[in-house]
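Participant: how does the following fold in three dimensions:
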Amino acid sequence: MTASLKAIDGNVDLAVLMNDLASSARAAARVLALASEEQKNRALDAMERAIRQNAEAILAANAEDVAEFRSSGGTAAFIDRLTLTPARIAAMADGIATVRAIPDPVGVVTESWQRPNGMTIERVRVPLGVVAVIFESRPNVTADAGVLCLKSGNAVILRGGSDSFRSSRAIHACLTQGLREAGLPEAAITLVPTRDRAAVGLLLSGLGGKVDVIVPRGGKSLVARVEAEARVPVFAHLEGVNHVYVDRAANPEMAKAIVLNAKMRRTGVCGAAETLLVDRAGATTHLGPLVRMLIDAGCEVRGDEAVRRADARVKPAVEDDWNAEYLDAIIAAKVVDGVDGAIAHVQEHGSHHTDAIVTEDDKAAKKFLKEVDSAIVLHNASTQFADGGEFGFGAEIGIATGRFHARGPVGVEQLTSFKYRIHGSGQTRP
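Facilitator: Numbers count the residues shown, from 1 in each chain. Sure thing, here's the model as predicted:
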């Protein structure tokens with residue numbers, strides 16, 4: 001029996017297991033860094049086929065996970081995140097095909113210049129090395145993270161949530177099959193084979209320098225723990241306290257369509273709108289219809305006094321509502337004084353994730369897009385476009401809300417760094 005299979009039964013020392021996995025991933029990263037685009041694409045082709053061919057097995061594994069999670073009292077929002085459907089599996093496979101079609105970033109020279117002494121300096125993209133992705137609930141992250149890291153020449157160690165353990169293993173088996181068919185090391189995409197929570201702490205330690213970067217994908221408590229305990233760089237992904245601001249110059253029908261989609265398309269995703277802001281100057285025409293539409297669609301609205309006057313069904317908002325990521329059919333709503341008031345509210349209460357303005361006033365739109373300091377800002381579009389697939393990335397590891405290295409959807413290009421190559425002809429420094 002292999003060490004990884006023994007770990008599931010609890011018969012192997014976890015620290016030894018994790019160090020072994022990281023050592024194998026480090027060795028695989030050296031191979032991937034030199035792998036050709038053709039070889040990586042062959043692996044991605046095989047992974048896509050395997051996902052499609054094994055859809056029924058993946059759905060069966062997922063059904064067991066969902067049943068177990070539901071019996072433990074899991075919330076509707078998290079059950080939605082956990083659940084796979086034939087359409088979601090097809091989207092997962094489609095995402096792999098999109099990633100395959102993205103040009104290989106490794107080895108691309110992004111800049112080149114010549115110095116007065118004749119030396120030529122090039123900045124060239126290189127992989128990060130070994131990426132650890134710690135995620136909750138969403139089993140599709142197994143595929144998203146695996147294929148993005150492969151395409152960008154990185155090895156990845158995946159630590160999924162205990163609630164999606166069976167689903168992630170079924171998806172990972174398809175990824176491993178693709179690596180095997182392309183002649184790449186299976187350790188290039190490693191799934192931690194135990195639910196033991198101590199594995200997370202070992203990953204956060206960096207495992208003796210074998211892990212180069214950590215990406216958390218989950219709730220606020222997970223991200224807070226990762227940022228507090230990690231001994232290696234982190235691609236931060238804070239909660240999505242996202243806003244839609246409806247300006248006085250908004251097209252009413254467009255505003256209704258965008259607000260409904262931003263909130264209710266999928267309430268449990270990080271791109272869902274959590275706060276509706278309405279311009280006081282447009283409240284007479286815009287506010288009532290928007291609130292009625294949301295409530296009639298099954299969304300609870302918690303509002304300030306002006307919003308409560310618009311519809312008696314609105315519940316009073318408290319201060320915590322302005323900072324809440326509900327991940328449910330609940331939205332906070334407030335009337336603000338124009339675009340300046342909206343920007344001030346977002347600055348005070350937002351999470352720098354995704355915020356949108358609905359307006360036909362180009363001046364107001366430009367001001368909002370310039371001054372709102374979020375990873376993604378939109379004009380006349382739903383916040384639910386905060387997704388790597390919608391950006392043309394095929395998939396994403398997460399939405400980075402920090403300010404270093406990567407911001408917004410973390411795709412293939414964001415999983416590379418760079419080095420400098422210098423070509424000389426005998427130059428020495430005086």
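Participant: from here on, just use CA atoms for contacts and neighbour counts.
Facilitator: Fine.
Participant: show me where the stretch 1-150 of the chain has helices.
Facilitator: All helices of the stretch 1-150 of the chain, identified by DSSP state H, counting those that start in this stretch, fall at 3-8, 14-34, 37-53, 55-71, 76-82, 86-101, 140-151.
Participant: what's in contact with the fourth one?
Facilitator: What that stands for is helix 55-71. Outside helix 55-71, the residues that touch it by C-alpha atoms under 8 Å, 6 or more residues apart in numbering are 79, 82-86, 89, 163-167, 170-171.
Participant: export the helices of the stretch 1-150 of the chain to TSV and append columns for mean pLDDT and mean neighbour count.
Facilitator: Shown next, in TSV, are the helices of the stretch 1-150 of the chain (pLDDT from 0 to 100; neighbours: other C-alpha atoms under 10 Å):
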stretch	mean pLDDT	mean neighbour count
helix 3-8	42	16
helix 14-34	97	19
helix 37-53	98	20
helix 55-71	96	18
helix 76-82	85	18
helix 86-101	96	19
helix 140-151	96	28
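Participant: make JSON lines from these and add distance to Gly271 to it.
Facilitator: Below are the helices of the stretch 1-150 of the chain laid out as JSON lines (distance: least, C-alpha to C-alpha, whole Å):
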{"stretch": "helix 3-8", "distance to Gly271": "34"}
{"stretch": "helix 14-34", "distance to Gly271": "32"}
{"stretch": "helix 37-53", "distance to Gly271": "26"}
{"stretch": "helix 55-71", "distance to Gly271": "23"}
{"stretch": "helix 76-82", "distance to Gly271": "13"}
{"stretch": "helix 86-101", "distance to Gly271": "17"}
{"stretch": "helix 140-151", "distance to Gly271": "16"}
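Participant: which of the contacts of helix 55-71 are buried?
Facilitator: Buried residues within those, counting neighbours by 16 or more other C-alpha atoms under 10 Å: Ile79, Leu82, Thr83, Leu84, Ile89, Asp163, Ser164, Phe165, Arg166, Ser167, Ala170, Ile171.
Participant: wait, doesn't the last one sit right on Ala145?
Facilitator: Read it as Ile171. No - counting by C-alpha atoms under 8 Å, Ile171 stays clear of Ala145, with 11.6 Å between them.
Participant: how is this structure carved up into domains?
Facilitator: Domain assignment for the chain by automatic domain parsing gives 3-235+410-422, 242-385.
Participant: figure out how far the last one is from the centre of its chain.
Facilitator: This means domain 242-385. 22 Å (C-alpha atoms, centre = their mean, to the nearest Å).
Participant: end to end on it, go ahead and measure it.
Facilitator: With C-alpha to C-alpha, to the nearest Å applied, domain 242-385 spans 12 Å between its terminal residues.
Participant: okay, and the closest residue to Ala46 other than its chain neighbours sits in which element?
Facilitator: For Ala46, ignoring the flanking residues on the chain, the nearest one in space by C-alpha to C-alpha, 6 or more residues apart in numbering is Gly178 at 4.5 Å. When elements are assigned from DSSP states H and E, Gly178 belongs to helix 165-181.
Participant: what's the first helix or strand after that helix?
Facilitator: strand 189-191.
Participant: low-confidence stretches in the chain?
Facilitator: When residues are selected by pLDDT under 70, those of the chain lie in 1-11.
Participant: need the domains of the chain in a markdown table (columns: distance to Phe393).
Facilitator: Listed next are the domains of the chain as a markdown table, based on distance: least, C-alpha to C-alpha, whole Å:
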| stretch | distance to Phe393 |
| --- | --- |
| domain 3-235+410-422 | 6 |
| domain 242-385 | 12 |
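Participant: of the ones you listed, which is nearest Phe391?
Facilitator: domain 242-385 (7.8 Å; C-alpha to C-alpha).
Participant: just checking, Glu239 is part of a helix?
Facilitator: No - if the criterion is DSSP: H, G, I helix; E, B strand; the rest coil, then Glu239 is coil and not within a helix.
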